[in-house]
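**Student:** Predicted model follows, preceded by the sequence.
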Amino acid sequence: MADAALDTVKEATAVDNQARVPTVVVDDVHIVYKVHGAGSGKGSATSALSRIITRKKAPTIREVHAVRGISFTAYKGEAIGLIGSNGSGKSTMLAAIAGLLPTERGGIYTQGQPSLLGVNAALMNDLTGERNVVLGCLAMGMSPAEVRRRYQGIVDFSGINEKGDFISLPMRTYSSGMGARLRFSIAAAKTHDVLLIDEALATGDQGFQQRSKARINELRKEAGTVFLVSHDNNAIRETCERTIWIEHGELIMDGHTDEVVRRYEKGDRP
Amino acid sequence: MSTLSDPVNLSAPRGSDAGLTPKQLADKYGLSVSGKRPSLPQYVRQLWARRSFISAFATARLVAQYTTAKLGQLWQVLTPLLNCAVFYLVFGVIMKSRDGVPVYIAWLCIGVFVFQFSQSAIQAGTRSISDNLGLIRALHFPRASLPIAFTVIQLQQLLISMVVLVAIVLISGIMPAMTWFLIIPVLLLQSLFNTGLAMVMARVGAKTSDISQLMPFLLRTWMYVSGVMYSVSGYIQNWPPIWQTLYSWNPATVYMDLMRYAFMPDSFNKHIYDGHLDASGNATPKALILPDHIWIMAGTWAVAAFVLGFVFFWKAEEEYGRG
């Protein structure tokens, strides 16, 4: 089923010259971070006071130019991998597509509201897994009846209860892998026009990774676009047919996964 | 696979779309700017659709609040009781400001609970965005859900305190009266007012985290000038009229006076508490005075705070959770 979907997409991209429906348009985007509290750590109370009195600008604010002029267009039904070394701007790019970071220049246009799944996106740690599932679904806009209907499916998918009744424990008692699995299960319960996944799959075990790959393919078939940031090149190869290589905030290569990942592994920049 | 060898631009639009710039392509298919703020009517609709999220969130938080304490949910009742005990000890026994106020202990407790409702709603509102960044960054929902949910939590807590309050009032010898029905509109108006204030503080607190350090001092000052533990009317009698009017508009005093009137209407009756000297020459308590137009003031504060607070919060909707 999943392979069939992949094949049809490959065929479509290779053969057809039909107009495709874009879901994410990234148009010459620059992103600049302002980092507070960086720089040499003279952060004592007296120095802070003298800074306020002399009205000097805080020396600890530094600017980081994380993304420098990236452009690409993603279409309906695509799964796109983002690769690059640490700190190359992949996660920043995803956060910007999700609307969580303002762009300095350029524009990002999306269909619907992209949903970002990150490793660090904790839900409510002091509440039980059960409550997190219900609250997460309600926050995404499901009705209480819909939540009741889907609840068991989400818990089963996450596999949290495979080793005993963990769903009724507070989320702070979960291992990082269990937390990430539950968060992915909650977010994947709804059909998103654009789903952005930031390494969230790397933490799951073998069985969960298989299930999530199948779910990603389902989401794509339901006319969505999936972005995947990962350092696991095999996960990219298995899930995405298109890959974008980013380095120093610049787009190095955008093409079929096989070729891009091959050249990325060899360090062979075009 | 032949396609792998020749570089295919997977980004470029094909077919009838070929040659369109990214901007034109986005316009043609009706894509919207990512992270754009919805219009006000859209925002209200989205928020209304999340009403079950707001109530479920509030309930879950309320339950989770005392999970680490051994006495658990009992603290919901114990906290307001202890608060009243402290204030009674300081202002009732040691400083004797109860002279002149009929049924001081009930009067004090009503004031403490009503003021605390506003105080804690504002404090929780200030932290509502900054303490829930994980949730905000993970899921998309109208952010106003958070300050509203935190005000609902405080309302639920007040309702629990109300049970304690009714017991204190009955023990003080005050019989239930028809005015007790006024408690409901007073609570509604104050809740609206608090929600508005919580939304204002949520936006301010999201931008400048320093404000949460400052809030306790501001709120304490507000409490001491609002006449929670002593009757303000006695102090401002000799002030210029303009100051008296301004002082009477203090929303905390307005809601406290209304709630006190609702619970103990007899204390506002000149024929019962006329302040005459008793047999040994001491003054008996004088009746409290309910300011004119107090319902108009209460309503104005509620609507103004809610509407302005909502618009103020919505204006920065796209910025919450941004790093």
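**Tutor:** Nice, thanks for sending it over.
**Student:** Buried residues of the worst-scoring helix or strand of chain B on mean pLDDT, list them for me.
**Tutor:** Lowest on mean pLDDT, DSSP states H and E among the helices and strands of chain B sits helix B:232-236, with a mean of 72. Applying a neighbour-count criterion of 16 or more other CB atoms under 10 Å in any protein chain shown, one finds B:V232, B:S233, B:I236 buried in helix B:232-236. Placement of C-beta: from N, CA and C, glycine included.
**Student:** what about the nearest residue to the second one once chain neighbours are set aside, which SS state?
**Tutor:** Spelled out, that is B:S233. Spatial nearest neighbour of B:S233, excluding adjacent residues (CB to CB, 6 or more residues apart in numbering or on different chains): B:I289 at 5.5 Å. The local conformation at B:I289, judged by DSSP: H, G, I helix; E, B strand; the rest coil, is coil.
**Student:** and B:I289, how many neighbours?
**Tutor:** B:I289 has 13 neighbouring residues, counting by other CB atoms under 10 Å in any protein chain shown.
**Student:** Now it. Its backbone dihedrals?
**Tutor:** Main-chain torsions, B:I289, degrees, to the nearest 10: phi -110, psi 130.
**Student:** again with the one 10 residues further on
**Tutor:** Dihedral angles of B:G299 (phi, psi; degrees, to the nearest 10) stand at phi -70, psi -40.
**Student:** what's near enough to touch it?
**Tutor:** Contact analysis of B:G299 by CB atoms under 8 Å, 6 or more residues apart in numbering or on different chains lists B:L189.
**Student:** what's the spacing between it and B:F117?
**Tutor:** 17 Å (CB to CB, to the nearest Å).
**Student:** check which helix or strand covers B:L258.
**Tutor:** Element membership for B:L258 (DSSP states H and E) is helix B:251-263.
**Student:** Alpha carbons only: can I get that helix in CSV?
**Tutor:** Coordinates of the C-alpha atoms in helix B:251-263 are reproduced here as CSV (Å, rounded to 0.1, in the frame of the first residue of the first chain):
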residue,chain,number,x,y,z
PRO,B,251,-12.7,47.9,40.3
ALA,B,252,-11.5,45.7,43.2
THR,B,253,-13.5,47.9,45.6
VAL,B,254,-16.5,47.8,43.3
TYR,B,255,-16.6,44.0,43.1
MET,B,256,-15.9,43.6,46.8
ASP,B,257,-18.6,46.0,47.9
LEU,B,258,-21.1,44.3,45.6
MET,B,259,-20.3,40.9,46.9
ARG,B,260,-20.5,42.1,50.5
TYR,B,261,-23.8,43.7,49.8
ALA,B,262,-25.0,40.5,48.2
PHE,B,263,-24.0,38.3,51.1
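**Student:** Need the contact partners of that helix.
**Tutor:** So helix B:251-263 is contacted by B:106-107, B:110-111, B:114-115, B:118, B:165, B:169, B:174, B:179-183, B:186, B:189-190, B:193, B:222-223, B:226-228, B:232, B:247-248, B:267-268, B:288, B:290-291, B:294-295, B:297-298, B:301, B:305 (CB under 8 Å, 6+ apart).
**Student:** circling back to that earlier point, wait, doesn't the residue nearest to B:S233 sit right on B:F268?
**Tutor:** Yes: shown here, B:I289 and B:F268 form a contact pair, counting by CB atoms under 8 Å, at 7.2 Å.
**Student:** List the contacts of A:A188.
**Tutor:** A:F157, A:L195, A:S212, A:R215, A:I216, A:L219.
**Student:** switch the cut-off to 7 Å
**Tutor:** Going by CB atoms under 7 Å, 6 or more residues apart in numbering or on different chains, A:A188 touches A:R215, A:L219.
**Student:** swap in B:L308?
**Tutor:** B:G196.
**Student:** by how many degrees do the helix or strand containing it and helix B:251-263 diverge?
**Tutor:** Using DSSP H and E, the element containing B:L308 is helix B:294-314. Helix B:294-314 runs at 130 degrees relative to helix B:251-263, counting by axes from the mean of the first three to the mean of the last three CA atoms, to 10 degrees.
**Student:** rewinding a little: out of the contacts of helix B:251-263, which are inside strands?
**Tutor:** Among those, no member falls in strands (DSSP state E).
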